[in-house]
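> Sequence plus the predicted model coming up.
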Amino acid sequence: MGCQEMALLLVLTGLVSAGLHLPEPVYISSVCDVQRHCREVLLENTALSGLGHLYQDLKHRVSPAGLAKFEQVRAAMDCEWTSTSEWVLAQGAAASSTAREAKAIQKDITASFGHRLMQQYVAVLGEDGVFQDFAPCGKHFKRCPLPHRDQYYQGMRLKMHVAGTTCLDYSSMGLSRKEMGESGAILAIWIKQRLLSLEDAVIQECTPRFDPTVFQEFLGEEYVIIDMGVLNPPQFGWPASRPRRYVVFLRKKTLRLATTVKQFVDGMSFFYEEVHHDSRIFLCAPDEEAILPNILIQL
């Protein structure tokens, strides 16, 4: 999730440069990224010298016993999901359903079971001692307090969280199991962290196939949830296609929209601009992935 936090920092820096007065210092409580290289980039970035903590896998926030329960409920649900899917599809075949109808039925079954599985995950995370208050920190090399236990962060006037949640099971290039896959467990942990941290504003992004309605049951009481739709860098002038669905969360007790939800969503078009092909294009990749220089040498 670190790249999104870095983007937020750049936005805030730009606003300050443009003359916006922030009422208090910007403090980045923590960033989290499962990718080693992303964590290295974050630590090396001088703009993040005041970074509080650097976390890795979200699963580190759950006790071993809790993770074991996750596997148990997931295995049981997976078995029931498989047998139900086979029975329903067999009935459809007997009724001479088309391939498209069968696929639609399969999609509905997966969504229904995925929702039930998320409910069970969140219930497990609510048990005593399951969700941890501390997790391994890559900056201090010890177990450090998570955001809901970071007293300085919790005392800030405005708290904001930006994240790109795990997309493997929602991507067209992935497994397409949605909440029934590994991504469901990670998403449940992320949701639980939001309920504990209660940030004033949250921005979440995932692949276009992600269905944000999953948030309403678990976060709808605390937040106004706004689906911003699918946004892509070329819309904002960057020549790199990476469409992602964005969701904005505004805490009901501390923030309110000064306009309608539709006007808020439509307002994104104010930032649209033509694609630029200039020196602002850059690649940030580890040496083992940057193979172009080797190709040029061989040529």
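Ah, there it is. Residues are numbered from 1 along each chain as shown.
> make it CA atoms for all contacts and neighbour counts henceforth
Noted.
> pLDDT score for the nearest residue to Leu196 once chain neighbours are set aside?
Excluding its sequence neighbours, the residue lying closest to Leu196 (CA to CA, 6 or more residues apart in numbering) is His148, at 5.7 Å. According to the prediction, His148 has pLDDT 91.
> and His148, what is it in contact with?
Asp133, Gln154, Gln193, Leu196, Ser197 (CA atoms under 8 Å, 6 or more residues apart in numbering).
> now the residues you listed: which count as buried?
Asp133, Gln154, Gln193, Ser197 (16 or more other CA atoms under 10 Å).
> Just those residues: which are in helices?
If you go by DSSP state H, the buried ones among the contacts of His148 have Gln154, Gln193, Ser197 in helices.
> For Tyr268, give me its contacts.
Just to correct that, residue 268 is Met rather than Tyr. Contacts of Met268 by CA under 8 Å, 6+ apart: none found.
> cutoff 10 Å now
Met228, Leu231, Gln235, Phe236 (CA atoms under 10 Å, 6 or more residues apart in numbering).
> my read: the third one touches Arg244, true?
Pointing back at Gln235 there. No - between Gln235 and Arg244 there is no contact under CA atoms under 10 Å: 11.9 Å.
> Output the ones in helices among the buried ones among the contacts of His148 as JSON lines; include the columns pLDDT and distance to Gly66.
Formatted as JSON lines, those follow (pLDDT from 0 to 100; distance: CA to CA, whole Å):
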{"residue": "Gln154", "pLDDT": "82", "distance to Gly66": "26"}
{"residue": "Gln193", "pLDDT": "95", "distance to Gly66": "15"}
{"residue": "Ser197", "pLDDT": "94", "distance to Gly66": "20"}
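> For those residues, give me a markdown table that also has distance to Lys59.
Output for these, formatted as a markdown table (distance: CA to CA, whole Å):
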| residue | distance to Lys59 |
| --- | --- |
| Gln154 | 22 |
| Gln193 | 11 |
| Ser197 | 17 |
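> one step back: filter the contacts of Met268 down to the ones in strands?
Met228, Leu231 (DSSP state E).
> Just checking, which of the contacts of Met268 comes out lowest on pLDDT?
Phe236 (78).
> buried residues in stretch 162-172?
Val162, Ala163, Gly164, Thr165, Thr166, Cys167, Leu168, Asp169, Tyr170, Ser171.
> distance of the last one from Arg209?
The reference is to Ser171. 6 Å (CA to CA, to the nearest Å).
> Provide a list of residues in contact with Lys69.
Lys69 sits next to Ser63, Ala75, Gln120, Tyr121, Val124, Leu125, Val130 when contact means CA under 10 Å, 6+ apart.
> Next, format the buried residues of stretch 162-172 as TSV and append distance to Phe271.
Below are the buried residues of stretch 162-172 laid out as TSV (distance: CA to CA, whole Å):
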residue	distance to Phe271
Val162	19
Ala163	21
Gly164	21
Thr165	24
Thr166	27
Cys167	26
Leu168	29
Asp169	31
Tyr170	27
Ser171	27
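> which one among those residues gets closest to Glu182?
Nearest to Glu182 out of those is Asp169 (CA to CA; 7.2 Å).
> Check the average confidence over the strand or helix carrying Phe70, would you?
Assigned by DSSP states H and E, Phe70 belongs to helix 64-94. Mean pLDDT, helix 64-94: 81.
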